[in-house]
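*Asks:* Got a sequence here, can you model it:
(3 chains)
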Amino acid sequence: MDWIMILKAFIVGGTICLIGQVLIDKTKLTPARILVAYVTTGVILGGLGIYKHLINFAGCGATVPLTGFGSLLAKGTISEIESNGFIGAFTGGVKAAAGGISAAIFFGYIASLISKPKIKKQ
Amino acid sequence: MKPIQSKEEYQEYVDQKTPNSPIAKNCFNAFWVGGVICAIGQIIFEICKTRGLDETNSYTIVSMLLVFFSAFLTGLNIFNKIGKFAGAGSLVPITGFANSIVSPAMEYKSEGYVMGVGAKMFTVAGPVLVYGISSSIIIGIIYIIFNTQSLTLI
Amino acid sequence: MKKIGEQSYFLQKPVNICGASAIVGPKEKEGPLHSYFDQCLEDEFWGEKSWESAESKFVKETTNMAISKSGIAVNQIDFCLAGDLLNQCIASSFGLRESNIPYFGLFGACSTFVESLILGSCLIDGDFATNVLCASSSHFCSAEKQFRFPLELGNQRPPSSQWTVTGSGATILTKDGTGPFITGFTPGKIVDMGIKDANNMGAAMAGAAEDTLIRHFKDTGTKPSDYDAIFTGDLGYIGKDILIDLASSKGYNIKSNYTDCGVMIFDKEKQDTHSGGSGCGCVASVFCGYIYKMLQKKEYKKVLLIATGALMNSTSSQQGESIPGIAHAVSIKI
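*Replies:* Now for the predicted structure:
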C-alpha cells in the first residue's frame, strides 16, 4: 500500500472540494452549475494535457473529483482520434467514461426500485 | 432607519441583513470529507494494482465502486445528510454525480418507471453529461485541426 | 360603501369564524406549537403512495374536521375556497373532490389562507352565502420536489432559506355566531422589491407586508398598539427583522407586539430550519391551531393577521425574474 499516494490523494482531492465549497458559498451557484463547471474545466485541462500531471501526482485525488471525469472524457477523445481518426472525436470520450456513467445510471435505477425518499429528519 | 427609496438600496440592505453561510466551517468539512472520499478511491486503486489490473481499468473500478457506494447511501437515505454536512466535499467527487442521478430517480418514482424514473433521472446530472461530452468533442475537433497542421496542443 | 381609505374595508356585520382545525406533519410535531394542533402525524406520506396525494389527504381530513367541529351540515356550506402551492392547486381540488360543496380554487402563494378568509367574508357580507369553508395546505416534500431539488440530493441549504411547513388549516366562516369575528380587511397590492434570490423569500415578501401593514394603519386610523398581536404569515427570521425595520422607517413601531408564524412554528436552534417556516400551510395551521385558540381563550382580544406570498414559480426564477410579493391583512377580534 502506497501511503504517500493516499495522503496526496487526500490533500489534492480535499483542496479541489474546498474550492467548490468556496464557489457555493460565495457565488450562490446551484449544485448542477458547480458540477457543469467542474466537468468542463476538467475537459479543458485534460485537452491541454495539464491535468495528467495532477493525476500522476495525486492519483485518485485528481481522478475522483468531477474534473477527473472531464479530463477522462478529453483524454479518451484524443487517444481515440489518434487510433481511429476523426470519428474518435465522437466515440472516444464516452467510451473512456463509460464505466462511471453506466454505473451511475444502473445503480440509480436499482436504488429507485428498492428505496423511497425520506424527509430530512434534522 | 431611513426609508428605502430604490430596489438597489433594498438589495444592499437585504444583503447586509442576510446571514452568510458559515464558510470556514463549510470549507473545513468539504476539505476533509472530499479528501477522505479521494483517499478511499486511492486505497481501492492500490488494491486493484496489487491484483495486477492496469492503471486505466483500476481508475474505472474506483469510479464504479464510488458510484455504487454513493447510490447505496442515497438509497439508505444517508447521502443527503453527508451532503448537508460536507457540501462540496461530497458533491464534487464522482459520488455527487451519482447522487444527483439517484436522487431524482427515487423522487420521481411516483410518476412511473418510464417518464418518472427514466426521464427525470437526468434533471440534475444531465447538464454534466451534455457539457462534458460536448466540450470533449470540441476539444477533439480542435486537436484534429491542430494536428493536421502538424502542431501539437501544448 | 364599505371601503375606508385607499384599500381597506370593514364588514357591516362581522363574520364569525368557527371550527378552526389544523393538521401538521412530523417535523411540526417537534416544534414549539405542537400541543395546539388538532393532529400531528408521524409519517409525511400518511399512508399514501405519493406526497401529492398525502397533501390532498391533509386537505380532506382538515376540512372534514372543521366541518364536524362547527356542527354545520355539509349541505349548509355554500362555498369552499381553498388553495395550495402545487401546480394547478391539485392538493385542494383533489382533497375536496368528494366534498360536494361548490368550490373555488385560489392561488395567492403563501398568502392563500388569508385570501380565502377575505373572499369568504365578502361572500357572506354580500349575502351570497351563509357558511363558507376556507382551507389551505402545503407539504415540505411536494414543495421541495416542485420548487427545488429532490429530497435525497446532498446539498446544503443557505442560512436564508425557509422550511416549507407540512400541514393544513381549515375553518368555516359563518354569518352568525359567537366569535372570534373578522371585522375588516386590507387586500394587498403586488409589490416587487427586485429580490431574485429564491432562497431569500422573507426579504422578497417583506416589502409587500410593509405596504399592506402601513396602508392598513393609515386607512383605518389605527396604530400598532391597537392590536394585542400582529402576525405575518411566513416572513421567517430575516423577513421579520426587515419588516420591523421597514415599518419603523415609516414611523410605526411594531417591535413589541409583532411576530411571524414561520418564526413561531419551528425551533430554529433545535430543528435546523434556518430562517423559519413557510408555505400556505404555515399561516393556516398556526392560525387555526394557535392563534384561534388564543382568541377563544381571550388571551388576545384583537389581532391583525397578514399572510404573505411570493408570486413566483421555478420557471420564473430560472429565467432570472425578480420575485413579486403580496400580503393580505385581516383584522380579527373576539
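
*Asks:* what is the mean pLDDT for stretch C:50-60?
*Replies:* On average, the pLDDT along stretch C:50-60 is 95.

*Asks:* any bit of that stretch sitting next to chain A?
*Replies:* No. No part of stretch C:50-60 sits near chain A under the criterion CB under 8 Å from any CB of the partner chain; the closest distance found is 9.0 Å. Bear in mind the C-beta positions are built from the backbone N, C-alpha and C, glycine included.

*Asks:* which is the next helix or strand following the strand or helix carrying A:Gly46?
*Replies:* Element membership for A:Gly46, per DSSP states H and E: helix A:31-47. Following helix A:31-47 in sequence order, the next helix or strand is helix A:51-58 (DSSP H and E).

*Asks:* Mind listing what's buried along that following helix?
*Replies:* Residues of helix A:51-58 classed as buried: A:51, A:54-55, A:58 (neighbour count, 16 or more other CB atoms under 10 Å in any protein chain shown).

*Asks:* Other residues contacting it?
*Replies:* Around helix A:51-58, the neighbours that count as contacts under CB atoms under 8 Å, 6 or more residues apart in numbering or on different chains are A:5, A:8-9, A:11-13, A:42, A:45-46, A:62-63, A:67-68, A:71, A:74-75, B:38.

*Asks:* can you tell me the average pLDDT over it?
*Replies:* The predicted model gives helix A:51-58 an average pLDDT of 95.

*Asks:* With stretch C:147-160 instead?
*Replies:* What stretch C:147-160 shows for mean pLDDT is 90.

*Asks:* three-state assignment of the residue in chain A that chain C sits nearest to?
*Replies:* Nearest residue of chain A to chain C (CB to the nearest CB) works out as A:Pro117 at 4.3 Å. Following DSSP: H, G, I helix; E, B strand; the rest coil, A:Pro117 is assigned to coil.

*Asks:* Just give the closest residue to it, not the sequence neighbours.
*Replies:* On the basis of CB to CB, 6 or more residues apart in numbering or on different chains, the spatially nearest residue to A:Pro117 that is not a chain neighbour turns out to be C:Leu151, at 4.3 Å.

*Asks:* okay, now that neighbour: neighbour count?
*Replies:* 22 (other CB atoms under 10 Å in any protein chain shown).

*Asks:* before we move on, back to that, can you list the buried residues of helix A:51-58 in a markdown table and add distance to C:Gly309?
*Replies:* Putting those into a markdown table (distance: CB to CB, whole Å) gives the following:
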| residue | distance to C:Gly309 |
| --- | --- |
| A:Tyr51 | 48 |
| A:Leu54 | 49 |
| A:Ile55 | 51 |
| A:Ala58 | 50 |
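
*Asks:* helices and strands around the lengthiest helix in chain B, which ones?
*Replies:* As assigned by DSSP state H, the longest helix anywhere in chain B is helix B:23-50. Packed against helix B:23-50 by the contact rule (3 or more CB pairs under 8 Å, 6 or more residues apart in numbering or on different chains; DSSP states H and E) you find helix A:3-27, helix A:60-63, helix B:55-75, helix B:79-86, helix B:88-91.

*Asks:* now stretch C:143-154: how far from the chain's centre is it?
*Replies:* Stretch C:143-154 sits 22 Å away from the centroid of its parent chain (CA atoms, centre = their mean, to the nearest Å).

*Asks:* Give me the contacts around that stretch.
*Replies:* Contacts made with stretch C:143-154 from outside it, assessed by CB under 8 Å, 6+ apart, are listed as A:31, A:117-120, B:74, B:77, B:79-84, B:86, B:90-91, B:96, B:99-100, B:102-104, B:106-108, B:123-124, C:51, C:85-87, C:141, C:155, C:164, C:198, C:279, C:313-314.

*Asks:* Can you flag the buried ones in these?
*Replies:* A residue is treated as buried here by neighbour count (16+ other CB under 10 Å); on that basis the buried members of the contacts of stretch C:143-154 are A:31, A:117-120, B:74, B:77, B:79-84, B:86, B:90-91, B:96, B:99-100, B:102-104, B:106-108, B:123-124, C:51, C:85-86, C:141, C:155, C:164, C:198, C:279, C:313.

*Asks:* Redo the helices and strands packed on helix B:23-50 as a markdown table? Include distance to C:Ile334.
*Replies:* Shown next, in a markdown table, are the helices and strands packed on helix B:23-50 (distance: least, CB to CB, whole Å):
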| stretch | distance to C:Ile334 |
| --- | --- |
| helix A:3-27 | 48 |
| helix A:60-63 | 67 |
| helix B:55-75 | 51 |
| helix B:79-86 | 44 |
| helix B:88-91 | 52 |
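
*Asks:* closest to C:Met65 out of those?
*Replies:* Closest approach to C:Met65 among the helices and strands packed on helix B:23-50 is made by helix B:79-86 (33.0 Å; CB to CB).

*Asks:* That closest one near chain C at all?
*Replies:* Yes. Under the criterion of CB under 8 Å from any CB, chain C is reached by helix B:79-86 at B:79-84, B:86.

*Asks:* So which other helices or strands are in contact with that helix?
*Replies:* Counting contacts by 3+ CB pairs under 8 Å, 6+ apart, the secondary-structure elements packed against helix B:79-86 are helix B:23-50, helix B:55-75, helix B:88-91, helix B:94-107.
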